[in-house]
Structures are given as structure tokens and as C-alpha cells.
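> got a sequence here, can you model it:
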Amino acid sequence: MSKVFVGNLALSATKQDLEGLFAVHGVILDVSLPVDRDSGRPRGFGFVTFDSAESATAAIQQLDGVELLGRNLRVNAAEAKRPDQPRRHFGDSRGGAPPPRTFSRPKGSRRGLRGRKRSL
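Sure thing, here's the model as predicted:
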């Protein structure tokens, strides 16, 4: 099996569109179009899995830069997920910043707080 990354996809592209385009180059085992977790909308890229590496190589050579639904596709070999890469825990799907720190009441008496305010 060999997996191909397809980037710069139109958001309106479907699995059938990719199957129709890539089926000429070999037997397709799977087509996946990831969607955003929060909104459920397509993310603009996909993966096509072929039964042989030769089919995948032919598809990469023939389809890189080809126009589909008004956009030029970027087609290359898919990279395996790296287990050493940490998952994002904060913010949205783009990584985001950690949540803001919350502060409790200022330390000290109210009298000291009023004195500090006057000195500013």
C-alpha cells in the first residue's frame, strides 16, 4: 500500500471527485478527506491510498499541479505520523495559546491596596 497526500483542495471537493481523478493511475483502496473537529467543514486536503507504490508514484508525477474545481492540486507522498510529535492541548485546532492565567484577590489588607493606588 502507498498513501498520497493531496493538498490545496477546494472545500467543495468530494471523495467521488478524487476517486474519479486518481482511479486512472491504479486501484484505489481508500480516500479520506479530514474535517475540522469544531466546525465539521473540510480542511482543504486529503489522502488517497493505492494498492501499490508504482500506482502512487505515477499519480504523483502525473497529477501534481493539475487543476481540480478551480484549484491547482499539490500531490506528493504522504508522510507517516511521527509518534514523537506532541499533540496540541490548548486552544483551537491550529494550536492556539494556553488558557489565560486567572489571578486571585491581591494579597495584603485593603488599606495597603488603597495606599498603593494613591502612590501611582
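
> OK, contacts around Asp17?
Shown in contact with Asp17 (CB atoms under 8 Å, 6 or more residues apart in numbering): 68-69. Any C-beta I mention is one placed from the backbone N, CA and C, and that applies to glycine too.

> what about it, which helix or strand?
For Asp17, the host element (DSSP states H and E) is helix 15-22.

> so who does the nearest residue to Pro42 once chain neighbours are set aside touch?
Counting by CB to CB, 6 or more residues apart in numbering, Leu11 is the residue found nearest to Pro42 once chain neighbours are left out, at 5.0 Å. The contact partners of Leu11, by CB under 8 Å, 6+ apart, come to 41-42, 44.

> helices of this protein, start to end?
With DSSP state H, the ranges of helices along the chain come out as 15-22, 53-63, 110-119.

> list the contacts for the closest residue in space to Ala58 that isn't next to it in sequence?
Nearest residue to Ala58, sequence neighbours excluded (CB to CB, 6+ apart): His25, at 4.8 Å. Residues near His25 by CB under 8 Å, 6+ apart: 50, 55, 58-59, 62-63.

> as a markdown table, the residues you listed with pLDDT would be great.
What follows is the contacts of His25, written out as a markdown table (pLDDT from 0 to 100):
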| residue | pLDDT |
| --- | --- |
| Phe50 | 94 |
| Ser55 | 93 |
| Ala58 | 93 |
| Ala59 | 93 |
| Gln62 | 93 |
| Leu63 | 92 |
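
> worst-scoring helix or strand of the protein, pLDDT-wise?
One helix or strand of the chain scores below all others by mean pLDDT, DSSP states H and E: helix 110-119, with a mean of 60.
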